[in-house]
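Participant: Here is the input, now give the coordinates:
(2 chains)
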There are 2 protein chains.
Amino acid sequence: MAAWSERLAGVRGVLLDISGVLYDGGEGGGAAIAGSVEAVARLKRSRLKVRFCTNESQKSRADLVGLLRRLGFDVSEGEVTAPAPAACLILKQRGLRPHLLVHDGVHSEFDQIDTSNPNCVVIADAGEGFSYRNMNKAFQVLMELENPVLFSLGKGRYYKETSGLMLDVGPYMKALEYACGIEAEVVGKPSPEFFKSALQEMGVEAHEAIMIGDDIVGDVGGAQRYGMRALQVRTGKFRPSDEHHPEVKADGYVDNLAEAVDLLLQHADK
Amino acid sequence: MAAWSERLAGVRGVLLDISGVLYDGGEGGGAAIAGSVEAVARLKRSRLKVRFCTNESQKSRADLVGLLRRLGFDVSEGEVTAPAPAACLILKQRGLRPHLLVHDGVHSEFDQIDTSNPNCVVIADAGEGFSYRNMNKAFQVLMELENPVLFSLGKGRYYKETSGLMLDVGPYMKALEYACGIEAEVVGKPSPEFFKSALQEMGVEAHEAIMIGDDIVGDVGGAQRYGMRALQVRTGKFRPSDEHHPEVKADGYVDNLAEAVDLLLQHADK
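Facilitator: The predicted structure follows:
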């Protein structure tokens, strides 16, 4: 038993990252990570509260949940905190009309948003949509605005598909920041507002909650800065060097979600 | 007469940026900027030494010079300092084999370079070549290296074509830097080594030389940091806000190359 597992005492709520923790995306939708389907089920049978907290921005929540259910996970749309709906809320509150540089699969989340005569840009993990032409269009829209506003749905560096590491939205956010001399507003992990809304929806305080993710910066660092505990799984985009990250140290490192749930169920109540 | 023009006294050599100063690229090759063909001719008839110092990395030097000559400019390949040949020199000196993410038009500059089993990445202004697939490939090559080395031919934010502003290599350099957690080595302006080699080829010391460019950071800031004087032209990618740049102040601002040459011919000898 890992000595650090005592740090799990008093946990009441668990935020689960999805990609790289529950499953790895890829051909035909991807594949569940060994033990994760059963681990989620055990967690949901326990007294711990559970919520899914993802930066997935290629798919709508409906499509993501559909995929997870086909892979065997017990998850519903209402249990998922995702950046596209959070961005829509901000756009409405601030009266902003976005130029969208997003994956076709997530366009439906913006159905109720006015995109005419844009006065801001929203980028998300657009995958192949990050063509030179599309990036240049987003750049030109920003340069024509007196006060350019750029929203980025997450700022992940990369994620892992079954075929290998893939560039996430973060590098493209950095590209536009540099091109325009601006700083993007991040909607999603590691933004404090995003963790706040996930915790509110779960009804748990930050000091009673733990984040489980494969991203040492976005998941672990972000959650810790918001006052939560955080574990990193050695699945998904995990790399051995993450355990010696210069700035972020997880409360614990586990081989996978199954091990995290084992330890949580043993120690959280104490 | 601008009061600052006294700062031109003692200039013996002139480095000319090409894109945005001599011509604007675009459909059919682009168009000469009004007055620039004659301005270059006058400069070359004067006692001042002249050299062209470009970050152009979409075209080989031969193609660039061919285009400029068709537009009416008196320029030969031997008068041009460009980043691709400089990069080839570095690759050979350090025994590096690059994965190339460059425009088709500049591939020929790397004909003598071994690109098998790459142990570094070279990116240049690839234009449409900056597809998601190509960026992801460069990223994957870097992530597989124990000590990832990335060369960027320039780090310009954008340039101006006749159709509008276009993303340059800099934003894509930033994207790969962020994705891999590394810092690129810039070959081209504003790298001191690049100015040094241009000045050596012209046979003029930095304090006797002036740079004329449309890029407040890459041309003006870079040249000044190397001990040269620098003028910004209000053509090409120039934007009015450049005259209030938070970090860089040109020795003078001129409407175009023709005005710069007028002033140089009046004051350089004094």
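
Participant: residue ranges of the strands in the stretch 1-150 of chain A, please?
Facilitator: Taking DSSP state E, counting those that start in this stretch, the strands of the stretch 1-150 of chain A run over residues A:13-16, A:23-24, A:31-32, A:49-53, A:80-81, A:98-101, A:120-123, A:150-153.

Participant: Tell me the strands beside the first one, with direction?
Facilitator: Sheet pairing here is set by DSSP bridges, and for strand A:13-16 it gives strand A:49-53 (parallel), strand A:209-213 (parallel).

Participant: Out of the ones you listed, which one sits most buried?
Facilitator: The highest average neighbour count among those, using mean count of other C-beta atoms under 10 Å in any protein chain shown, belongs to strand A:209-213 at a mean of 29. C-beta here means a position set from N, CA and C on the backbone, and glycine is covered the same way.

Participant: ok, back up a step: mind putting the strands paired with strand A:13-16 into CSV with mean pLDDT and distance to A:Ser191?
Facilitator: Converted to CSV, the strands paired with strand A:13-16 look like this (pLDDT from 0 to 100; distance: least, C-beta to C-beta, whole Å):
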stretch, mean pLDDT, distance to A:Ser191
strand A:49-53, 98, 11
strand A:209-213, 98, 13
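
Participant: Tell me which of these sits nearest to B:Gly156.
Facilitator: Proximity of the strands paired with strand A:13-16 to B:Gly156 was assessed by C-beta to C-beta; the nearest stretch is strand A:209-213, lying at 36.2 Å.

Participant: mean confidence for the helix or strand that the closest one is followed by?
Facilitator: The helix or strand immediately downstream of strand A:209-213 is helix A:222-225, counting by DSSP states H and E. Helix A:222-225 carries an average pLDDT of 98.

Participant: residues in contact with helix A:222-225?
Facilitator: By C-beta atoms under 8 Å, 6 or more residues apart in numbering or on different chains, the list of residues contacting helix A:222-225 from outside reads A:15, A:189-192, A:195, A:209-211, A:213, A:229-230, A:248, A:251.

Participant: quick revisit: export the strands of the stretch 1-150 of chain A to TSV and tack on distance to A:Glu183?
Facilitator: Below are these laid out as TSV (distance: least, C-beta to C-beta, whole Å):
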stretch	distance to A:Glu183
strand A:13-16	26
strand A:23-24	31
strand A:31-32	37
strand A:49-53	24
strand A:80-81	24
strand A:98-101	17
strand A:120-123	13
strand A:150-153	8
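
Participant: out of those, which comes closest to A:Ala41?
Facilitator: Nearest of those (C-beta to C-beta): strand A:49-53, 10.3 Å.

Participant: Show me which residues of chain A are close to chain B?
Facilitator: A:126-133, A:135-136, A:139-140, A:143, A:157-158, A:164-168, A:170-172, A:174-181 (C-beta under 8 Å from any C-beta of the partner chain).

Participant: Put the buried members of these into a ChimeraX selection.
Facilitator: Burial among those is assessed by 16 or more other C-beta atoms under 10 Å in any protein chain shown; the matching ChimeraX selection reads:
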select /A:126,127,129,130,131,132,135,136,139,140,143,157,158,165,166,167,168,170,171,172,174,175,176,177,178,179,180
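
Participant: how far is the host helix or strand of A:Val186 from where the chain is centred?
Facilitator: Following DSSP H and E, one finds A:Val186 within strand A:185-187. Distance, stretch centre to chain centre, for strand A:185-187: 12 Å (C-alpha atoms, centre = their mean, to the nearest Å).

Participant: Quickly run through the sheet partners of that strand, with directions.
Facilitator: Short version: by DSSP bridges, strand A:185-187 pairs with strand A:150-153 (parallel).

Participant: what is the mean pLDDT for the helix or strand just after the strand it pairs with?
Facilitator: Scanning forward in sequence from strand A:150-153 by DSSP H and E, the next helix or strand is strand A:158-161. Strand A:158-161 carries an average pLDDT of 87.

Participant: go on, stretch A:73-86?
Facilitator: 96.

Participant: outside of that stretch, which residues touch it?
Facilitator: Residues outside stretch A:73-86 that contact it (C-beta under 8 Å, 6+ apart) are A:18, A:22-23, A:32, A:36-37, A:40-41, A:44, A:50-57, A:60-62, A:64-65, A:68-69, A:102, A:106, A:109-110, A:124, A:153-154, A:187-188, A:193-194, A:197-198, A:201.

Participant: Would you mark the buried spots in that stretch?
Facilitator: Those would be A:73, A:75, A:79-86, for stretch A:73-86 by 16+ other C-beta under 10 Å.

Participant: nearest to B:Val11, of those residues?
Facilitator: Nearest to B:Val11 among the buried residues of stretch A:73-86, counting by C-beta to C-beta, is A:Pro83 at 54.1 Å.

Participant: my guess is A:Val50 meets A:Arg12, correct?
Facilitator: No - at 10.7 Å, A:Val50 and A:Arg12 do not qualify as touching, with contact defined as C-beta atoms under 8 Å.

Participant: related to what we said a few turns ago, which of the buried residues of stretch A:73-86 fall in helices?
Facilitator: A:83-86 (DSSP state H).

Participant: how close does A:Lys73 sit to chain B?
Facilitator: Quick fix: residue A:73 is Phe, not Lys. Distance of A:Phe73 to chain B, given as C-beta to the nearest C-beta, to the nearest Å: 28 Å.

Participant: can you tell me which residues contact A:Val220?
Facilitator: A:211, A:213, A:230-232, A:248, A:250.

Participant: Now it: closest residue in space, sequence neighbours ignored.
Facilitator: A:Ala230 (4.1 Å; C-beta to C-beta, 6 or more residues apart in numbering or on different chains).

Participant: what do you get for A:Phe194?
Facilitator: Per C-beta to C-beta, 6+ apart, closest to A:Phe194 is A:Gly188, 5.4 Å.

Participant: so who does the one you found touch?
Facilitator: So A:Gly188 contacts A:55, A:57, A:82-83, A:86, A:152-155, A:194 (C-beta under 8 Å, 6+ apart).

Participant: quick one: the helices in the stretch 51-200 of chain A?
Facilitator: A:61-70, A:83-93, A:132-143, A:169-180, A:192-202 (DSSP state H, counting those that start in this stretch).
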